[in-house]
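Asks: need a 3D model of the following:
(chains A and B)
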Amino acid sequence: EAGVAQSPRYKIIEKRQSVAFWCNPISGHATLYWYQQILGQGPKLLIQFQNNGVVDDSQLPKDRFSAERLKGVDSTLKIQPAKLEDSAVYLCASSLEGSGIEQYFGPGTRLTVT
Amino acid sequence: AQKVTQAQTEISVVEKEDVTLDCVYETRDTTYYLFWYKQPPSGELVFLIRRNSFDEQNEISGRYSWNFQKSTSSFNFTITASQVVDSAVYFCALRVSYNTDKLIFGTGTRLQVFP
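Replies: Numbers count the residues shown, from 1 in each chain, chains lettered A, B, ... in the order given. As a prediction, this is how the structure comes out:
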């Protein structure tokens, strides 16, 4: 079974530029998550999708971050414009529906904003 | 408020030593789940274990064991006879509600196992 796929793996941009990340979850997983992991910290949930609907985006900085999950499968996370403090690893995870189910994580995209 | 504390920032051991990683959580919910994830240098978080709040039985899986104590709000993780491949950052996480699957992570413990 293929795992969660993410691209690109690394991205370097200048502040005020835009960037987009892509995630393909495990086949059949209805729930998709985007986490931000700043160096030295644990991951923090940015947004959770159930199929193509948003369940939780309370910690998403909506003035600059946006995410979509068209057709309930792949998802993209966009930052526009980027700030220095957005430098982090962006992790995508997916899970089957149901409570307490473990989340399976992708390899992440390491973003450096200069 | 919900919170996970991993007070040990970094632990170094020599191969074959036993090591325990501490995790203390805070929540007012009576129903919750606790998780441990491993993050090797490749960066991918690997699921290790899930435990729900109604099951305080300790669990052993090979060299790994987990001690869940509600009385002290702790969910500690022990690696017996550590190996170099165990070197990674280990995260403890809490999930508190059926309405959201949000995981609240601790800051992680970096484990270095030297040969």
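Asks: for chain B, what helix or strand is lowest in average pLDDT?
Replies: strand B:59-61 (a mean of 85; mean pLDDT, DSSP states H and E).
Asks: who's in contact with the helix or strand just after that one?
Replies: Heading C-terminal from strand B:59-61, the first helix or strand you meet, by DSSP states H and E, is strand B:64-69. Contacts with strand B:64-69, where a contact means C-beta atoms under 8 Å, 6 or more residues apart in numbering or on different chains, come from B:34, B:36, B:48-49, B:51, B:55-60, B:74-80. Backbone N, C-alpha and C define where each C-beta goes, glycine included.
Asks: okay, now the sheet partners of strand B:64-69, with direction.
Replies: In the sheet, strand B:64-69 lines up against strand B:59-61 (antiparallel), strand B:74-79 (antiparallel) (DSSP bridges).
Asks: any idea what the closest residue in space to B:E10 that isn't next to it in sequence is bridged to?
Replies: Closest residue in space to B:E10, ignoring its immediate chain neighbours: B:R110 at 4.5 Å, by C-beta to C-beta, 6 or more residues apart in numbering or on different chains. Beta-bridge partners for B:R110, by DSSP bridges, are B:E10, B:V89.
Asks: hmm, A:Q103 and B:E44 touching each other?
Replies: No. Using C-beta atoms under 8 Å, B:E44 makes no contact with A:Q103, being 11.9 Å away.
Asks: those two: who's more crowded?
Replies: Higher neighbour count among B:E44 and A:Q103: A:Q103, with 28 against 18, using other C-beta atoms under 10 Å in any protein chain shown.
Asks: please name the residues that touch that one.
Replies: A:31, A:33, A:93-95, B:47, B:101, B:103.
Asks: how about 10 Å then?
Replies: The contact partners of A:Q103, by C-beta atoms under 10 Å, 6 or more residues apart in numbering or on different chains, come to A:4, A:29, A:31-33, A:35, A:43, A:45, A:48, A:91-96, B:35, B:37, B:45, B:47, B:50, B:93, B:95, B:101, B:103.
Asks: if any of those are buried, put those into a ChimeraX selection.
Replies: The buried residues among the contacts of A:Q103 can be selected in ChimeraX (16 or more other C-beta atoms under 10 Å in any protein chain shown) with this line:
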select /A:4,29,31,32,33,35,43,45,48,91,92,93,94,95 /B:35,37,45,47,50,93,95,101,103
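Asks: show me the contacts of A:Q103 that map onto helices.
Replies: Per DSSP state H, helices hold no members of these.
Asks: show me the contacts for residue 48.
Replies: The chain I'm using is chain A. A:Q48 makes contact with A:31-35, A:54-58, A:60, A:67, A:93, A:95, A:103, B:100-102, according to C-beta under 10 Å, 6+ apart.
Asks: sorry, should have said chain B
Replies: Going by C-beta under 10 Å, 6+ apart, B:L48 touches A:102, B:35-38, B:61, B:64, B:66, B:77, B:90-92.
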